[in-house]
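**Student:** After the sequence you'll find the predicted model.
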Amino acid sequence: MIWWILRGLRKGRVTTGYPRKPEPAPVGYRGRVVVRYPEAGVKAYEELCPTGAISVASYGRLALDRARCVLCGACVGAAPETFAFESDYRTAARTKPALVVGHTARTEDDSARATLADQAGALKRSIHVRHVDAGSDGGEEWEIAALTNPYYDMQRLGLFFTLAPRHADVLLVTGAVTPSMTEPLRRAYEAMPFPKAVVAAGTDACSGGFARAADMGGVDTVLPVDVYVPGSPPAPIALLHGLLLAAGIVTDEAAA
């Protein structure tokens, strides 16, 4: 016990400083895939992606949909001159088109998030999050659980998990939304008071991912989604960024 106390005093505070300070990513971290030369696409690139995230127009314009990307690295390995990994945790966006490389449209109603931001200020930045697993493979759940550990410590930012939808401000959804979870998910959303926001966490929740073959297209086929956090799974800081974006506490979205 004495050794543990001395170690704590020697190391000092180890909790991340995000979002006040940038969170450095480890070497080799797969944050998101970027397209170096979108104007130089060839049809063969489409065959590289197992989830159909890559598309090439007839005139050679290349697009990559991060909502469908599972970060497998097949495109980076086969065509490193065109695709590359970028070690950035800020992968969340407010609209699905904003996750498509090269697309800059930001057309949606910000009133819900603005109201949430006002509420956060009035409640000393207290936002309650209800997590619903709507058919996840379990990967996102490990990362979500890490948000409450001493390093990420989401409570320091006024973010708290709640089991009751009636007490929740943000609905955090993982999984492609299986048929058996469609109605429970809808009921959880309807039970939440206004203002409220929905965060789709993980590629499956954003677009259906591999589950698209079973006609499950993600959370926005059931509920209106305010923030998309792609990744398979997204890192804890990426999830934190998405939650803060939904609450209006931060405004920086993923860059295309």
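**Tutor:** Structure's in. What do you need?
**Student:** CA atoms for contacts and neighbours, from now on please.
**Tutor:** Will do.
**Student:** Can you report phi and psi for the residue lying closest to residue 89 once chain neighbours are set aside?
**Tutor:** In space, and not counting its chain neighbours, residue 89 is closest to residue 238: 4.9 Å by CA to CA, 6 or more residues apart in numbering. Here is the backbone geometry of residue 238 (degrees, to the nearest 10): phi -60, psi -40.
**Student:** now do the one 10 residues further on
**Tutor:** In this entry, residue 248 is assigned phi and psi values of phi 80, psi 10 (degrees, to the nearest 10).
**Student:** Give me the pLDDT for it.
**Tutor:** If you check residue 248, the pLDDT there is 85.
**Student:** That one and residue 116 touch, don't they?
**Tutor:** Yes: when contacts are counted by CA atoms under 8 Å, residue 248 is listed as touching residue 116 (6.6 Å).
**Student:** Not counting its neighbours along the chain, what's nearest residue 116?
**Tutor:** Nearest to residue 116 is residue 247, by CA to CA, 6+ apart, at 5.5 Å.
**Student:** distance of that neighbour from residue 64?
**Tutor:** Distance, residue 247 to residue 64, using CA to CA, to the nearest Å: 27 Å.
**Student:** Tell me, how many residues neighbour residue 72?
**Tutor:** 14 (other CA atoms under 10 Å).
**Student:** Confirm it sits in a helix?
**Tutor:** No: with DSSP: H, G, I helix; E, B strand; the rest coil as the criterion, residue 72 is assigned coil and is not in a helix.
**Student:** What's the separation between it and residue 234?
**Tutor:** For residue 72, the distance to residue 234 - CA to CA - is 13 Å.
**Student:** And residue 30, by the same measure?
**Tutor:** Using CA to CA, one obtains 10 Å as the distance from residue 30 to residue 234.
**Student:** okay but residue 39 is in contact with residue 57, surely?
**Tutor:** No: counting by CA under 8 Å, residue 39 stays clear of residue 57, with 9.8 Å between them.
**Student:** With neighbour numbers in mind, choose between these two.
**Tutor:** Remark: of residue 39 and residue 57, residue 39 carries more neighbours, 15 against 12, as counted by other CA under 10 Å.
**Student:** So for stretch 35-43, what gets flagged as buried?
**Tutor:** 35, 38, 41, 42 (16 or more other CA atoms under 10 Å).
**Student:** Ends of that stretch, what's the gap?
**Tutor:** 15 Å.
**Student:** Need the contact partners of that stretch.
**Tutor:** 55-56, 60-64, 81-84, 101-102 (CA atoms under 8 Å, 6 or more residues apart in numbering).
**Student:** Before we move on, what's the pLDDT of the residue nearest the centre of the chain?
**Tutor:** Ranked by distance to the mean C-alpha position of the chain (CA atoms, centre = their mean), the top residue is residue 229 at 1.5 Å. Residue 229 is assigned a pLDDT of 96 by the prediction.
**Student:** And for residue 109?
**Tutor:** 54.
**Student:** what's the answer for the one 10 residues further on, then?
**Tutor:** Reading off the confidence values, residue 119 has pLDDT 64.
**Student:** that older thread, from memory the residue nearest to residue 116 sits against residue 127, does it?
**Tutor:** Yes: checked against CA under 8 Å, the pair residue 247 and residue 127 is within contact range at 7.5 Å.
**Student:** So between these two, which is more surrounded?
**Tutor:** Taking other CA under 10 Å, residue 247 and residue 127 do not tie; residue 247 has more neighbours (31 against 25).
**Student:** Distance of that one relative to residue 196?
**Tutor:** Taking CA to CA, one finds residue 247 at 9 Å from residue 196.
**Student:** repeat for residue 206
**Tutor:** For residue 206 relative to residue 196 (CA to CA), the value is 18 Å.
**Student:** So for those two, which residue has more residues nearby?
**Tutor:** Higher neighbour count among residue 206 and residue 196: residue 206, with 31 against 20, using other CA under 10 Å.
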